[in-house]
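Trainee: For reference, the sequence and a predicted model appear below.
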Amino acid sequence: MNLPDPYGAALSALDAAPTVFSAVSDDVLLALGKRVALVQRAAATHAALIAGEVARRSAPALGSSGLAQRTGHRTPEELVRVTTGSTKRDARTAVAIGSLASSPDIEPWLAPVAAALTEGTLSVEAAAAIRTGLGVPTTDITAAVLAEASAGLCEVAPSLDADRLQRLARDARDALDEDGIADREAAAHARRSLTFWRTPDGGAHLRWVMDPETAAAVGDLFDRATSPRRGGPRFVNPTDATLAEAITADTRTTEQLASDTFAHLLTAGADTDSTQLLGTGGPVVKILVAAESLDTRTGHARIEGSPTPVSVQTAER
């Protein structure tokens, strides 16, 4: 498949590039890095478009005659994962984003995203960020409203990385759907889970999916235990400074330190002497909210450090 310019030009430049980069200048090195990124973006776009077509040819309505089942795979995602060697997550993303182009009627509010993706002006990561951030239409927020928002996000996408673009898309959805913040907060709370499973060597793994409120409390404790290692604030208080120095000098890795601290917290429970672990008191969660919102019980609030807004009721609690 011949890639259109500027992808073709970038690929040609890479074909002529040296395989050892220690001798090239800084400018050439950075220029080649940009060309590699451009080719990777083109390849990811083609991979997503192919995955979307695989999904279209594997539609549930086709039953066993669909491409995925006909080749011995339960879902198109599984077929893409097996044939490309990608992870489950990457395969799901490729199918979801590629399906925007191959089956635009599935999520019509993302038509601008599909067009930009097909034209090569939007990366797969950016398309996924907009799709995740904007969410789906509701009774109050129509597909037409979201389509307008997605078009605006496509215009600014080239100047943003995927993480910032997703936050911008989420902010756009929150601005459109102020009343839906409490519902989304409740949905995040409902998704909370803690999974524990043992490993053959006698150890275990723990997977904890938290809602923003829980993450704020746990995150404060995690930061207290590890921030001196991760470039946290400098402490003026002698007691806090001594504790920070001890954490920094500890021979354990940051991950080991965090593990041991939380194990100690769980074991000691409410009776622990918190000054020996993370300073005094329980976790500190800062809520940013307008006074008017508290008076009128309208609008929303934010947990400091979290990009997701919460309801005024959460702020009051």
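Mentor: Perfect, thanks for sending it.
Trainee: Next, the buried residues of the strand or helix carrying residue 79.
Mentor: When elements are defined using DSSP states H and E, residue 79 is found to belong to helix 76-84. Neighbour-count burial for helix 76-84, counted by 16 or more other CB atoms under 10 Å, picks out 76-81. Glycine gets a C-beta too; all of them are placed from N, C-alpha and C.
Trainee: again, but for stretch 212-219
Mentor: Neighbour counts using 16+ other CB under 10 Å place 212-213, 215-216, 219 of stretch 212-219 among the buried residues.
Trainee: In terms of secondary structure, what does the longest helix seen in the chain contact?
Mentor: In terms of residue count, the longest helix belonging to the chain (DSSP state H) is helix 26-56. The criterion is 3 or more CB pairs under 8 Å, 6 or more residues apart in numbering; DSSP states H and E, and the helices and strands that helix 26-56 contacts are helix 7-15, helix 76-84, helix 88-102, helix 111-119, helix 124-134.
Trainee: Name the residues of it that come out as buried.
Mentor: Buried residues in helix 26-56, defined by neighbour count with 16+ other CB under 10 Å: 32, 35, 38-39, 41-42, 44-56.
Trainee: any residues touching the helix holding residue 79, and which ones?
Mentor: 47, 51, 54-55, 58, 67-68, 71, 73, 86-88, 90-92, 94-95 (CB atoms under 8 Å, 6 or more residues apart in numbering).
Trainee: From these, list just the buried residues.
Mentor: 47, 51, 54-55, 58, 67-68, 73, 86, 90-92, 94-95.
Trainee: Any regions of the stretch 1-150 of the chain where pLDDT drops low?
Mentor: 1-21 (pLDDT under 70).
Trainee: Tell me how many other residues surround residue 268.
Mentor: Counted with other CB atoms under 10 Å, the neighbours of residue 268 add up to 13.
Trainee: Please report how far it lies from residue 260.
Mentor: With the distance defined as CB to CB, to the nearest Å, residue 268 ends up 12 Å from residue 260.
Trainee: quick one, strands of the stretch 101-250 of the chain?
Mentor: 193-198, 204-209 (DSSP state E, counting those that start in this stretch).
Trainee: Between strand 204-209 and the first one, find me the angle.
Mentor: Computed with axes from the mean of the first three to the mean of the last three CA atoms, to 10 degrees, the direction of strand 193-198 lies at 170 degrees from that of strand 204-209.
Trainee: Could you write out the alpha-carbon coordinates of strand 193-198 in CSV?
Mentor: Coordinates of each C-alpha in strand 193-198 appear next as CSV, following Å, rounded to 0.1, in the frame of the first residue of the first chain:
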residue,chain,number,x,y,z
SER,A,193,-14.2,-2.7,42.9
LEU,A,194,-11.4,-4.5,44.7
THR,A,195,-10.1,-7.7,43.3
PHE,A,196,-7.6,-10.0,45.1
TRP,A,197,-6.1,-13.2,43.7
ARG,A,198,-3.4,-15.4,44.8
